[in-house]
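Peer 1: What follows is a predicted protein model with its sequence.
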Amino acid sequence: MNRRTFLLSVSAAMIARPVRAAECGFEICRSEAEWRARLSDAAFRVLREEETERPYTSPLNEETRPGVYHCRGCELPVYDAAAKYDSGTGWPSFTKSLPGAVGTKEDRTLLFQVRTEVHCRRCGGHLGHIFDDGPPPTGKRHCLNGVSLLFKPAA
């Protein structure tokens with residue numbers, strides 16, 4: 001490999017975007033334009049570009065009624081309100097997801113820290129992160145972006 005090829009390869013790798021939920025391979029696949037038409041700018045940034053909303057900005061933080069939280073991207077039920085608790089972090093937090101509702105992957109975007117990302121298993125939408133500092137019985141804190149969720153109260 002000559003120097004020019006090496007430098008071009010390294011440059012391309014450095015500016016290439018990481019694989020995101022927007023790349024399909026999920027049950028529900030939409031183009032970027034279709035996602036943008038369905039979602040607010042904030043929801044698009046979180047669900048499709050894996051950004052994080054500012055803490056204490058989601059009205060779902062204060063939601064305490066029984067019901068189910070759904071993925072805003074595809075409306076798959078992902079969390080039961082019975083698993084929600086006030087973590088004091090500024091984001092809606094849950095001890096566990098509904099069975100088979102989410103998938104996870106490593107997130108190495110922070111220097112010297114590996115986190116666990118949580119995504120909707122049906123559309124790949126980024127919901128938030130899972131940490132090991134939650135309450136019993138799971139010891140997990142599913143720290144989610146409110147903008148990535150829809151709350152449907154129990155009837």
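Peer 2: In hand now; what should we look at?

Peer 1: how about the strands in this protein?
Peer 2: 67-71, 77-80, 84-85, 93-94, 102-107, 115-120, 126-131, 141-144, 149-153 (DSSP state E).

Peer 1: how near is Glu27 to Asp132?
Peer 2: Computed with CB to CB, to the nearest Å, the distance linking Glu27 and Asp132 is 29 Å. For the C-beta atoms, the positions are set from N, CA and C on the backbone; glycine is no exception.

Peer 1: What of Val114?
Peer 2: 12 Å.

Peer 1: Comparing Glu27 and Asp132, which residue is more hemmed in?
Peer 2: A side-by-side neighbour count of Glu27 and Asp132, using other CB atoms under 10 Å, places Glu27 first with 12 against 9.

Peer 1: who's His70 bridged to?
Peer 2: Counting by DSSP bridges, His70 is bridged to Pro77, Leu150.

Peer 1: Quick one: residues contacting it.
Peer 2: Residues counted as contacts of His70 (CB atoms under 8 Å, 6 or more residues apart in numbering) are 76-78, 149-152.

Peer 1: do the same with Asp107
Peer 2: Contact analysis of Asp107 by CB under 8 Å, 6+ apart lists 50, 114-117, 129.
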